[in-house]
Structures are given as C-alpha cells and as structure tokens.
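Peer 1: need a 3D model of the following:
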Amino acid sequence: MIKKVNALIFFVCLILSCSETAIAQLGLDPEYRYIKVGLEYDDNVTREKLDKDHQQGMIWRLNAAVGIRNIIPIDRLNTRLAYILGMRDVNNTNQEDFNSHDIKFGSSAKITQSTRISFEEAFRKWNSQNDLFNFINNVADAKIDQEIGKRTTAYISYRTEQKWFQNNAPEIQARNYLYHQFRMGINHSISEDFTVQLGYADQLRMYNRRPIDYRKGRPIALKGIQKDRQKVIILGFYAVVFNNTSLALSDQIVNSDSNSRGFSFDGNKTQVFLSSNPVQKLWLDFTYQLAAYTVGAYQTPDLGYELSETRTEDQSFIRFGLTYDVSDQVSLKFNYERVKNTIFFTRDFYNSNIANVGMNVKF
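Peer 2: Numbering: from 1, shown residues only. All right, here's what the predicted structure looks like:
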C-alpha cells in the first residue's frame, strides 16, 4: 500500500509539472493555488501537564498547493485534482517535526435543477520525525443535496476512512482503524439572515485490536475486534447579526456504545463561530469550542486502570484571528489560540497558548 501511494504521489506531481500550455487547457483551480508561510510560538509544544515541564518552541509552517479543474471532460460534471504539501519544523525538538503530502480528487454534478451529487476522495501520507506517528490515510465522501422549495435543503451523505500506521510494532498497529459514517440532515432558512440546521449521524469505528474489559484494575482482552459506535444529533444555526458580521452555532449530542470498556464517549460538543468584515480588506474570526465526554476508565500512576463514572474527556479551545488583504493575491494573518485538553486516558489536563503570524500568497 505504501508503495502504491508513493507512486500515486509521484504521478500527480508529474502531471502538475507539465507545461503551462497543457495545464491551461485544463484550468488551474483557484481554491488550490497558494503558498502559506507562518511563524508560530507555542508555550507547551510537547503538551505537558505541569508548567515546569512546558517546552516553549518557535515553529515554522509551510503549506503549498496546486490544483487543476475539469480533468474529466464531461458536460455538467465538475472535477478537480489537487496536491498539497505541508511542513512543520520545531526549533527545540525534532520529535514534533513532520511533513505531509495530500492528494485530493473531487467531482460534483447537478442532476436536476434541485438535486446535486458530489464525491470527494483524499489520500494523505504523513511523515514524522517520531516514527510512532507515520501513517497513511484514505478518506472518501459521497453526498446528495436536495432542494425542497426555496428555503429548505435536505442532504444525505456517506463517509469512509481507513488509517494505517507504518510502524510495525504490535502496539502501533493496534491503532489502525476503519471508519464508516452515515449522515442526514436539513437546513431551513427562516429568513434571508437566519438559517437553522438539524442533523443525525450514525458512525462506527473498528480498530485493529481486541476489545478490553477491566478487572481488579487491569485490562483483560476479550474476543473479536474493538468496535466503537456513536449516534450523534446535530443542532445549529447561522445568522447575519449585522452588516458584514455573521454568527454560527453548532451543537453535537453524542451517545456512544463500545464493546471495549473505557471507550464509550457520551457527551456534548458545542462550537461558536463569529466572522466579521468591519472595514475593507480586514477580516476578524473568532471560534470557541467546549467539549466534554463522559468516559469509563483512566490510567492510574502505577499504570493500572480504574473505572469511573465521573471522569470527563475535555477538548476545549478559544481561537481569534485577523486577516488583512494587502492585494487580491497577498494577505497577512495573525492567530491566537488557547487550548485546554485532557491528556489521553488520564485525569490530567494540559494548557497551551499558541500565537501565529503568517502570509498567504495566491498565484
């Protein structure tokens, strides 16, 4: 599989390096024509719980993308193919460095005036200085959108994902998984400035490992493979609150069931998004996420496990961003983010403050 993905990456890069005339015939994709450079400060690069253990770091980030449109010459069918390069370099530790290669294919077609179908597939190869995190990922999405009258749109979608870690150690191979998600929902515009959303998702993740139970503080392997299933209700709205400013809210109510104790994540995730264009060329963005899931087990200091009905898995952050458009091709960015997350399988938290300045160039 790794050799196949490497060959595919080489083939796409070869296509994108063809003559300007050949690419012009297909058409460059405006969404995938950019170079992004950023310098980031993180006061807790390695995500330690105690302030005295925090490692501050300066991080360079580089993202570049090239895409082409209309690769399949069929009327009423829109297609695109893109390659994206990502790089991250941390000045004080090599264990947090990585580079990634993404290949994305997408297509969409309008079957009738009110029905639209789309399909997307993405391959990712992730190379990290820490061999434990090298992986290959494949994601495919299919979706049907159906307009119902002038103010309502319903959708149904299916998503599948496979992830393979490249390290052959059994404890790393156990993290490989296959994921399926079925989702449906409806968006209704109450007015031109206010839209509500209602959705439902049923998702199943199957790991390359046996399910476990806990007896006398120790994990016991059971028969079969670990299966984690979640049923999610999605509520939300989008509103234009005043000129050039929009507000969106999304709330997910999660009911989880796993055949491996300690992996049932019941809970709630709420996200708030605010976007504003107060003056010409300046954009403000604000995101807040509060997520808390009740989980059944945590690791004790002696590396045993205990069951708990009260432990929560928190994934919360606040993000603020500024974007200034110097021209149609160049924009300057500043972002600040504060994160508070639970350390996996413990009752401990880590905090991190991240500031980033960067420049985006379109070509």
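
Peer 1: contacts, neighbours, all on C-alpha from now
Peer 2: OK.

Peer 1: roughly how far apart are Pro219 and Ile212?
Peer 2: Between Pro219 and Ile212 the distance is 6 Å, computed by Cα to Cα, to the nearest Å.

Peer 1: give me the more crowded residue out of these two.
Peer 2: Neighbour totals were compared for Pro219 and Ile212, and Ile212 leads with 21 against 15 (other Cα atoms under 10 Å).

Peer 1: that one contacts Arg218, doesn't it?
Peer 2: No. Using Cα atoms under 8 Å as the test, Ile212 is too far from Arg218 to be in contact (9.6 Å).

Peer 1: what's the pLDDT at the most centrally placed residue in the chain?
Peer 2: Closest to where the C-alpha atoms of the chain average out (Cα atoms, centre = their mean) is Val139, at 11.3 Å. Here the pLDDT value assigned to Val139 is 97.

Peer 1: show me what contacts it?
Peer 2: Residues counted as contacts of Val139 (Cα atoms under 8 Å, 6 or more residues apart in numbering) are Glu121, Ala122, Phe123, Arg159, Thr160, Glu161, Gln162.

Peer 1: same thing but at 6 Å, please
Peer 2: Glu121, Ala122, Thr160, Glu161 (Cα atoms under 6 Å, 6 or more residues apart in numbering).

Peer 1: in the stretch 201-350 of the chain, where is pLDDT below threshold?
Peer 2: Judged against pLDDT under 70, the low-scoring parts of the stretch 201-350 of the chain cover residues 216-217, 262, 264, 293-314, 342-348.

Peer 1: 50 instead?
Peer 2: By pLDDT under 50, the weakly predicted segments of the stretch 201-350 of the chain are 303, 310-311.

Peer 1: which stretches of it form strands?
Peer 2: For the stretch 201-350 of the chain, strands defined by DSSP state E, counting those that start in this stretch occupy the ranges 212-215, 218-221, 227-242, 245-258, 266-279, 282-294, 297-299, 305-307, 312-325, 330-342, 349-362.

Peer 1: name the strands paired with the third one and say parallel or antiparallel.
Peer 2: On the basis of DSSP bridges, the sheet neighbours of strand 227-242 come out as strand 194-207 (antiparallel), strand 245-258 (antiparallel).

Peer 1: and if you look at the fifth one?
Peer 2: Taking DSSP bridges as the criterion, strand 266-279 sits next to strand 245-258 (antiparallel), strand 282-294 (antiparallel) in its sheet.

Peer 1: thinking Ala239 is in contact with Leu249, fair?
Peer 2: No. Taking contacts as Cα atoms under 6 Å, Ala239 lies outside contact range of Leu249: 9.0 Å.

Peer 1: re the thing from before, doesn't the residue nearest to the centre of the chain fall inside a helix?
Peer 2: No. Read with DSSP: H, G, I helix; E, B strand; the rest coil, Val139 is strand and lies in no helix.

Peer 1: bridged to it, which residues?
Peer 2: Ala122, Glu161.

Peer 1: if we can go back for a sec, of the contacts of Val139, closest to Pro170?
Peer 2: Nearest to Pro170, judged by Cα to Cα, of these is Glu161 at 21.0 Å.

Peer 1: how close does that closest one get to Ile136?
Peer 2: Using Cα to Cα, we find Glu161 at a distance of 11 Å from Ile136.

Peer 1: who touches the closest residue to Pro30 other than its chain neighbours in this structure?
Peer 2: In this structure, Pro30 finds its nearest non-sequential neighbour in Gly67, 7.7 Å apart by Cα to Cα, 6 or more residues apart in numbering. Contacts for Gly67 (Cα under 6 Å, 6+ apart) come out as Leu28, Asp29, Tyr32, Leu81, Ala82.

Peer 1: mind doing that once more with 10 Å?
Peer 2: Counting by Cα atoms under 10 Å, 6 or more residues apart in numbering, Gly67 makes contact with 16, 23, 27-34, 80-84, 103-105.

Peer 1: just the buried subset of those residues, please.
Peer 2: Among the contacts of Gly67, the ones that count as buried by 16 or more other Cα atoms under 10 Å are 16, 23, 28-29, 32-34, 80-84, 103-105.

Peer 1: and these, which is closest to Thr112?
Peer 2: For these, the nearest to Thr112 is Arg80 (21.2 Å; Cα to Cα).
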